[in-house]
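Enquirer: quick one, structure for this:
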Amino acid sequence: MKIAIFTDTFYPDINGVAGTLKRLTNYFEDQNIEYKIFAPDSNSNQYHSTNIHLFKSRSFFLYPECRLAFPNLLHIKSELQSFSPDLIHVATPFNIGLCGVYFAKKLNIPLVGSYHTNFDHYLHYYDLQFLSKILWKYMKWFHQPCKKLFVPSTETFQQLKHHGFTNLEIWPRGVDCQLFHPYYDKTAVQKLYCHQGKYLLTYVGRLAPEKNIETILAVAKSMPSEINEKLHWLIIGDGPLREKLEAQAPANMTFTGYLNGNRLAEVYSASDLLVFPSPTETFGNVVLESLASGTPVIGAMSGGVKNLIKSGITGHLCRAGNAQEFMNAILHLLNNDGLREQMGNAGRDYALTQRWDRIFEHLIWHYTIVLEERNEQKYA
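Expert: Here you go, the predicted structure:
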């Protein structure tokens, strides 16, 4: 099986799409599945492989981690004809993704797609709600040729089904439970960030309007003083709001920028809670990473996050943007060490069932179905 993937973001970009696709291509290599990536180049891209064809690009204003590329169609056609893929997988609906849809039709190659980002939800946070109908029409048109459209959660499945999308299949995300686990040296992280604090509360993600980080600031500033003096906030990530948030943040809040690998895993493990107020997630990778680390999550009752957190068992779900509910949930768990530990254990147990290899095996099975249907039609 030979797979061509068209995406507007790829490793080493730091976002869920890029991370998922890098893991997928790692799996392809382990299984000796041939692949070719068509993706934008970026200033941070120092990753080179004969399997990747890069194009010059610029940042997309709504989501700078996604790039608007300037592809050379003749080069793409030549590469595709030389590679001769059995299947094209488009992962993003921008320029590179459009090229994948175009050449799937032009060269008569079966097409599948994956839906990763709720751009419609983003419009609200950038005062662009008037574009919603146009966006949905475009997204439906873009994905219509896909024999299967893979979505990361039940919530996203239902949302797209409501908007008339077809051929939907759930393709969830896994987690590396060997990297993310509860057994790191917590005291080292706590000494580095907590100082005299007893509790460590963490946020991990992009610092942008659609993540609703203002809820965290509101909670941090409203905490009872007797609790506030015992805790420290750790904000992990970067984005357009970082400077503004740092200027408004209380003294017990530290901004680290992006962390990854063991450094990120150590922080998850040392944290008492992950606080994740984003209402726009199609899945919520950081939630699963936190659960794998034995750290309960206080999250927004919205998007894919509400399919990951079992409220009262592995954390709590709160109404999006409701700072009072978030604060009450945090206080409830900080004041109950036994319950917090119990939730952490339950989260770890759940994460251990979310294995990447099984998830990718299921995806390959769907690929195979698409190819078998193509062969049946060819020889009918």
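
Enquirer: pLDDT on the helix or strand containing Tyr268, on average?
Expert: Per DSSP states H and E, Tyr268 falls inside helix 261-270. What helix 261-270 shows for mean pLDDT is 96.

Enquirer: now that helix: buried residues?
Expert: Under the neighbour-count criterion of 16 or more other CB atoms under 10 Å, helix 261-270 has Leu264, Ala265, Glu266, Val267, Tyr268, Ser269, Ala270 buried. Backbone N, C-alpha and C define where each C-beta goes, glycine included.

Enquirer: that one - contacts with which helices or strands?
Expert: helix 186-193, strand 199-204, strand 231-236, helix 285-292 (3 or more CB pairs under 8 Å, 6 or more residues apart in numbering; DSSP states H and E).

Enquirer: tell me which of those is the most buried.
Expert: Neighbour counts (mean count of other CB atoms under 10 Å) averaged over each of those peak at helix 285-292, with a mean of 27.

Enquirer: show me what that one is packed up against.
Expert: helix 16-30, strand 199-204, helix 261-270, strand 273-276, strand 297-300, helix 305-308, helix 337-351.

Enquirer: among these, which comes closest to Tyr125?
Expert: strand 297-300 (13.4 Å; CB to CB).

Enquirer: give me the pLDDT value at Pro93.
Expert: 93.

Enquirer: report the secondary structure state of it.
Expert: Following DSSP: H, G, I helix; E, B strand; the rest coil, we place Pro93 in the coil state.

Enquirer: repeat for Glu243
Expert: Per three-state DSSP, Glu243 ends up helix.

Enquirer: tally of neighbours for it?
Expert: Counted by other CB atoms under 10 Å, the residues lying close to Glu243 total 11.

Enquirer: over to Gly312?
Expert: Quick note: Gly312 (other CB under 10 Å) scores 11 neighbours.

Enquirer: what's Lys106 sitting at in phi/psi?
Expert: phi -70, psi -40 (degrees, to the nearest 10).

Enquirer: mind listing what the residue nearest to it when sequence neighbours are not counted touches?
Expert: Excluding the flanking residues, the one nearest Lys106 by CB to CB, 6 or more residues apart in numbering is Lys77, at 7.9 Å. Shown in contact with Lys77 (CB atoms under 8 Å, 6 or more residues apart in numbering): Phe103, Lys106, Leu107.

Enquirer: quick one: pLDDT of the last one?
Expert: Okay, so that is Leu107. 96.

Enquirer: returning to that earlier point: can you lay out the contacts of Lys77 as JSON lines showing distance to Leu331?
Expert: Output for the contacts of Lys77, formatted as JSON lines (distance: CB to CB, whole Å):
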{"residue": "Phe103", "distance to Leu331": "55"}
{"residue": "Lys106", "distance to Leu331": "59"}
{"residue": "Leu107", "distance to Leu331": "59"}
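
Enquirer: list the helices and strands the helix or strand where Ile359 lies packs on?
Expert: Assessed by DSSP H and E, Ile359 sits inside helix 356-379. For helix 356-379, the elements it packs on are helix 16-30, strand 87-90, strand 111-114, strand 148-151, judged by 3+ CB pairs under 8 Å, 6+ apart.

Enquirer: and if we set it to 7 Å?
Expert: Using 3 or more CB pairs under 7 Å, 6 or more residues apart in numbering; DSSP states H and E, the elements in contact with helix 356-379 are helix 16-30, strand 87-90.

Enquirer: what's the most buried one of those?
Expert: strand 87-90 (a mean of 25).

Enquirer: thinking again about what came up before, save the helices and strands packed on helix 356-379 as a markdown table, and put in mean pLDDT and distance to Gly321 too.
Expert: Converted to a markdown table, these look like this (pLDDT from 0 to 100; distance: least, CB to CB, whole Å):
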| stretch | mean pLDDT | distance to Gly321 |
| --- | --- | --- |
| helix 16-30 | 94 | 22 |
| strand 87-90 | 98 | 33 |
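
Enquirer: and these: which comes nearest Gln354?
Expert: Short answer: helix 16-30, nearest of the helices and strands packed on helix 356-379 by CB to CB, at 12.5 Å.

Enquirer: between the closest one and helix 285-292, how many degrees?
Expert: 70 degrees (axes from the mean of the first three to the mean of the last three CA atoms, to 10 degrees).

Enquirer: burial check on Ala208, number of neighbours?
Expert: By other CB under 10 Å, neighbour count at Ala208 equals 23.

Enquirer: buried stuff in stretch 334-341?
Expert: Leu334, Arg340.

Enquirer: can we start the residue count at 26 from this point?
Expert: That works, and once the first residue is 26, the last one we named lands at stretch 359-366.

Enquirer: by mean pLDDT, which helix or strand of this protein comes out lowest?
Expert: When each helix and strand of the chain is scored by mean pLDDT, DSSP states H and E, strand 88-94 comes last, with a mean of 67.
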